[in-house]
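>>> Structure, please.
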Amino acid sequence: MRSSLWRFLSALAALAALGLAPAAAQAQDSDEGRTLSIGFVAFLSGPAAGSFGIPNFEGFEFMVDAINAGEVPPPYDTPGIAGAQIEYFVVDESGGPTKQVTEFRNMVERRNVDLVMGYISSGDCLAIPPVAEELRQLTILVDCGTPRVFEEADYRYVFRTGPHAAMDNIAAVRYLHDIDSEVATIAGINQNYAWGLDAWADFTSAMAILYPGVETVTEQFPKLFAGQYSTEISALTVRAPEAIHTSLWGSDLEAFVLQGAQRGLFMNRHIVMVAADHVLPVLGRNVPDGVIVGARGPHGDFAPDTELANWFRQGFKERYGKLTTQPPHKSAMAILGVKTAFEKAAAAVGRFPTNEEVIDAMEYLQWDTPSGPVELALGKGHQAIQASAIGVTRWNDDEQRVELVDIKRYAARCVNPPEGVLSVEWIKDGMPGAQCD
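The predicted model follows:
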C-alpha cells in the first residue's frame with residue numbers, strides 16, 4: 001500500500017523554490033480551534049530517501065494521525081497534544097547543511113511554526129542547533145547520531161529524542177565479546193563526515209578496551225552517498241581483517257552489501273553493521289546470514305513485546321505494507337516525547353503551555369515508546385539515552401524475509417556515558433561505572 005506521501009511528492013518540484021511540501025492531510029482544528037504547527041524534516045528525495053527518509057516521515061505521519069484521533073494506546077489515548085490538533089508540513093532534507101539552515105529560517109520566520117522536528121544527517125544536526133538558539137525555536141532532533149551535538153555545546157531550545165552513536169558502537173563491541181569472538185585485526189568502512197568518523201572512533205576505542213592489542217589494518221572513508229565501493233572493498237579484501245565495522249546507512253549500505261557480498265567480503269569474518277536494520281527489507285535474500293546488525297536502539301525486530309510496540313508495528317504494516325525499522329520508530333519516539341512534555345507542562349500551568357514551559361517540562365523527561373523507555377539523561381536533560389540490542393541476520397524462508405536472531409540486549413547505562421563525560425574519553429578510560437548487570 002502506498003502512503004499518502006507519494007501523492008504529494010509529485011508537487012514537490014513545483015514548490016522547490018520554497019523547499020516546502022504541504023502535508024498529505026493536515027489535521028483540522030480542535031473544537032476550541034487550537035492547533036500545534038510542526039515543520040517536519042526528512043529526506044524525501046535522493047539516495048537517503050527510499051529506505052530511510054520516507055519511512056521516517058511515514059512513522060511521523062502514522063503517529064500524528066493516531067494522536068489527533070486519540071487512537072494511541074494508553075497513556076497516550078487523549079486526542080491531540082494538550083488538546084491541540086497537530087498540523088504539519090514537510091521539508092526535504094536533501095541539499096546539505098547550508099540549504100537546511102535556510103529552510104529552518106523559512107519555517108520559523110515565514111511559516112511561524114510552533115515546533116521543528118526531524119533531521120537524519122549528522123551534518124545537518126550540527127548546523128541547525130545554533131540557529132535554533134538564535135531564533136529561540138523549540139526543535140526536536142529525531143534521528144541523527146553524532147555525539148558532538150550536546151557534547152560540544154549546550155542548548156536550551158534543542159532536544160534529541162534518540163540516543164547518539166556511541167551507544168551503537170559500544171553495544172556492537174560488547175556483542176562481539178559476549179559471543180566469545182576472537183578478534184585480533186579489524187578494519188572499517190565509514191562515511192567521511194561526522195557520523196562515520198565518530199562511529200569509527202567509538203568502535204575502535206571500545207575494541208581497544210575489550211580486545212587489548214587489537215590491530216587496525218585499514219580504515220576507509222568514502223564520501224557520503226558515494227555508491228561505488230570497488231576500491232574500498234579491494235583494500236578490505238587485501239588486508240583480510242577478522243572483523244569489519246561499518247556505519248554506512250541508506251543507499252550507501254545497500255550498495256556496499258551488494259558489492260561486498262558479490263566479491264566474497266562477507267565470508268569467514270565478522271561483518272558488524274551498527275545501523276543496518278532499515279536496509280534488510282530492501283535487500284532481502286542479498287543479505288548474507290550471520291551479519292552482526294544493530295538498529296540504533298530496540299526497533300523493528302528488536303522492539304519489546306508491549307501493547308504500544310505491537311500496536312505500532314501492526315498498524316504501520318497495515319497502512320504502509322512494510323515492517324517497522326529504525327526510521328519510523330525514531331519518529332514515533334519523538335512525537336510521543338513531544339506529547340508527554342506538552343501535557344506535563346499543561347498539567348503544571350493549568351492551560352496550554354508556552355514553548356518555554358514545555359522546555360522546562362521536557363528536561364530530563366522519561367516516557368514510554370514503541371521501542372521501550374526513553375530518558376533525556378545527558379546534555380543537561382536534552383539528550384536521550386535508551387537500551388540497545390544487537391543480533392545476527394538469518395533468512396526466514398517461511399516469512400520470506402531477513403530476521404534478526406541471537407539477540408542480546410544492553411541496558412541504557414551499560415552503553416551510554418554518564419552525564420558530563422565525553423563519549424570517546426569515557427570509552428578510552430574503560431567505561432567506568434557502566435551498569436551492565
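>>> So the closest residue to Pro304 other than its chain neighbours versus Leu141, what's the distance?
Once flanking residues are discounted, Pro304 sits nearest to Gly372: 4.8 Å by Cβ to Cβ, 6 or more residues apart in numbering. Where C-beta positions appear, they are placed from N, C-alpha and C, glycine not excepted. According to Cβ to Cβ, to the nearest Å, Gly372 and Leu141 sit 19 Å apart.
>>> what sits against the most centrally placed residue in the chain?
The chain has Asp143 as the residue nearest its centroid, 3.3 Å off, counting by Cα atoms, centre = their mean. Asp143 sits next to 56, 118-120, 162, 296, 326-327, 330 when contact means Cβ atoms under 8 Å, 6 or more residues apart in numbering.
>>> can you name the two of those residues that are farthest apart?
Gly118 and Arg296 (15.7 Å; Cβ to Cβ).
>>> could you give the mean pLDDT of the helix or strand containing Leu176?
Leu176 is part of helix 166-178, with elements assigned from DSSP states H and E. Averaged across helix 166-178, pLDDT comes to 97.
>>> Packing partners of it?
helix 194-210, strand 243-246, strand 270-273, strand 292-294, strand 388-396, strand 401-410, helix 412-415, helix 423-428 (3 or more Cβ pairs under 8 Å, 6 or more residues apart in numbering; DSSP states H and E).
>>> residues in contact with Gln100?
Listed by Cβ under 8 Å, 6+ apart, the contact partners of Gln100 are 41, 93, 119, 124, 127-128.
>>> just to revisit the earlier point, buried residues in the very next helix or strand once past the helix holding Leu176, which are they?
Using DSSP H and E, the helix or strand that follows helix 166-178 in sequence is strand 185-189. Neighbour-count burial for strand 185-189, with 16 or more other Cβ atoms under 10 Å as criterion, is recorded at 185-189.
>>> Number of residues surrounding Arg351?
Applying other Cβ atoms under 10 Å, we find 11 residues neighbouring Arg351.
>>> Report the secondary structure state of it.
When classified by DSSP: H, G, I helix; E, B strand; the rest coil, Arg351 comes out as coil.
>>> could you give me the average pLDDT of stretch 407-424?
For stretch 407-424, mean pLDDT is 97.
>>> same question, stretch 278-285
What stretch 278-285 shows for mean pLDDT is 96.
>>> And the contacts of it?
Residues outside stretch 278-285 that contact it (Cβ under 8 Å, 6+ apart) are 50-52, 55, 249-250, 253-254, 257-258, 287, 293, 295, 322-323, 325-327, 393, 395, 400-402, 404.
>>> picking up where we left off before, next, format the contacts of Asp143 as a markdown table and append secondary structure, neighbour count and distance to Phe352.
What follows is the contacts of Asp143, written out as a markdown table (DSSP: H, G, I helix; E, B strand; the rest coil; neighbours: other Cβ atoms under 10 Å; distance: Cβ to Cβ, whole Å):
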| residue | secondary structure | neighbour count | distance to Phe352 |
| --- | --- | --- | --- |
| Asn56 | helix | 32 | 28 |
| Gly118 | strand | 30 | 23 |
| Tyr119 | coil | 30 | 26 |
| Ile120 | coil | 26 | 30 |
| Gly162 | coil | 28 | 27 |
| Arg296 | coil | 31 | 33 |
| Gln326 | helix | 28 | 32 |
| Pro327 | helix | 31 | 30 |
| Lys330 | helix | 28 | 27 |
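>>> who does the helix or strand that Val41 is a member of pair up with?
Element membership for Val41 (DSSP H and E) is strand 35-42. In the sheet, strand 35-42 lines up against strand 85-92 (parallel), strand 115-118 (parallel) (DSSP bridges).
>>> Kindly report the domain assignment for the chain.
Split into domains by automatic domain parsing, the chain comes to 5-164+304-385, 166-303+387-428.
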